[in-house]
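1. coordinates only, sequence not included:
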Ligand SMILES: NC(=O)c1ccc[n+]([C@@H]2O[C@H](COP(=O)([O-])OP(=O)(O)OC[C@H]3O[C@@H](n4cnc5c(N)ncnc54)[C@H](OP(=O)(O)O)[C@@H]3O)[C@@H](O)[C@H]2O)c1
């Protein structure tokens with residue numbers, strides 16, 4: 001069984017799941033989610049912007065699993081960040097996924113009319129369409145800019161996180177408000193340098209695990225929620241198989257020492273806001 005954690009609103013969620021970023025081919029996405037559900041994953045992380053919610057929905061419907069056995073996350077894109085557009089965007093995600101509620105829904109990027117979109121999220125939560133609501137890509141600066149205006153404290157903040165970028169200042173801020181950190185790029189998006197780190201290779205040999213499993217186990221022991229992506233069934237299975245061993249406190253300290261304090265994506269960097277606000281409009285075909 002995958003261990004669970006309790007969010008700040010009392011909702012229980014799995015601590016490991018399956019992500020589907022950069023799987024635009026709908027058949028490939030459906031096959032990958034089907035393989036993940038067969039391998040025992042119950043948390044699936046998608047987004048409006050990934051343009052594969054319909055494929056995730058198809059895999060869910062064909063799985064034969066009960067809705068309450070699953071934990072489905074999706075995200076609202078920035079082109080839907082006004083109160084009215086967000087209300088429609090939430091309903092559109094539900095429709096594409098073929099579900100009548102989402103377990104968790106996130107504001108994908110912290111730009112544009114964030115307060116307006118958040119109010120629509122709060123309304124949808126009150127209406128029972130969203131069990132939990134959260135944010136993504138909020139640095140401490142962006143968190144302090146927006147969250148004090150919110151009535152509801154986000155349940156999670158989904159940010160880049162892996163041994164090279166351990167988000168120490170943000171984790172302190174979130175812990176103080178009982179907000180869970182979810183990792184995107186938990187495997188560094190397949191970063192070979194990370195897999196080849198000597199300490200990760202040594203621990204893989206010691207525990208008869210692969211480098212990916214050592215990385216994911218480290219993150220799990222750090223209390224971070226992970227959902228590695230893969231379209232290969234062997235990796236889908238191995239990435240889930242991290243609950244039968246435990247890294248020692250010395251090993252955890254050795255892995256913490258890999259932190260560079262920097263990621264690939266800096267949400268605070270000049271120009272990022274404008275770039276993402278104009279990246280694409282999910283209503284372009286309306
Ligand atoms: N909120 C956001 O802004 C945001 C941004 C990015 C991602 N996310 C979410 O976070 C999820 C995970 O992040 P991610 O997909 O960017 O990156 P990731 O899970 O860190 O890495 C995925 C990459 O690693 C490879 N891989 C998977 N398992 C492996 C293993 N055991 N050994 C070696 N390589 C392996 C995959 O290749 P194969 O598929 O070929 O196996 C893929 O290229 C996403 O799918 C998405 O749900 C959110």
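-> Happy to help now that I have it. This structure is a prediction, so every number in the text was calculated from the model and none was measured.

2. now do the strands in this protein.
-> Listed in chain order, the strands of the chain (DSSP state E) span 4-6, 12-14, 18-19, 43-45, 71-76, 102-107, 130-136, 156-160, 180-184, 225-226.

3. pairing partners for the first one, with directions?
-> Here strand 4-6 has these sheet partners by DSSP bridges: strand 12-14 (antiparallel).

4. can you tell me which residues in the stretch 101-250 of the chain are near the ligand?
-> Residues of the stretch 101-250 of the chain lying near the ligand by C-beta under 6 Å from any ligand atom: 108, 136-137, 158, 184-190, 212, 227-232, 235, 238-239. The C-beta positions use only the backbone N, C-alpha and C, and glycine is treated the same way.

5. contact partners for residue 179?
-> Going by C-beta atoms under 8 Å, 6 or more residues apart in numbering, residue 179 touches 8, 134, 153, 154, 155, 156, 157.

6. can you tell me how far the residue of the chain found nearest the ligand sits from residue 190?
-> Residue nearest to the ligand within the chain: residue 19 (2.4 Å; C-beta to the nearest ligand atom). Distance of residue 19 to residue 190, given as C-beta to C-beta, to the nearest Å: 12 Å.

7. now residue 111
-> Applying C-beta to C-beta to residue 111 and residue 190 gives a distance of 27 Å.

8. of residue 19 and residue 190, who's got more company?
-> Between residue 19 and residue 190, counting by other C-beta atoms under 10 Å, residue 19 is the more crowded of the two (28 against 13).

9. so the more buried one sits against residue 47, correct?
-> No: the pair residue 19 and residue 47 does not pass the contact test of C-beta atoms under 8 Å, sitting 9.4 Å apart.

10. now the common contact residues for these two.
-> By C-beta under 8 Å, 6+ apart, no residue touches both residue 19 and residue 47.

11. how many neighbours does the nearest residue to residue 24 once chain neighbours are set aside have?
-> The spatial neighbour of residue 24 that comes closest, neighbours along the chain excluded (C-beta to C-beta, 6 or more residues apart in numbering), is residue 51 at 6.0 Å. Residue 51: 17 surrounding residues under other C-beta under 10 Å.

12. per-residue confidence at residue 51?
-> In this model, residue 51 is scored at 96, pLDDT.

13. that one and residue 282: what is the separation?
-> Counting by C-beta to C-beta, the gap from residue 51 to residue 282 is 8 Å.

14. where in the stretch 51-200 of the chain is pLDDT low?
-> Judged against pLDDT under 70, the stretch 51-200 of the chain has no low-scoring part.
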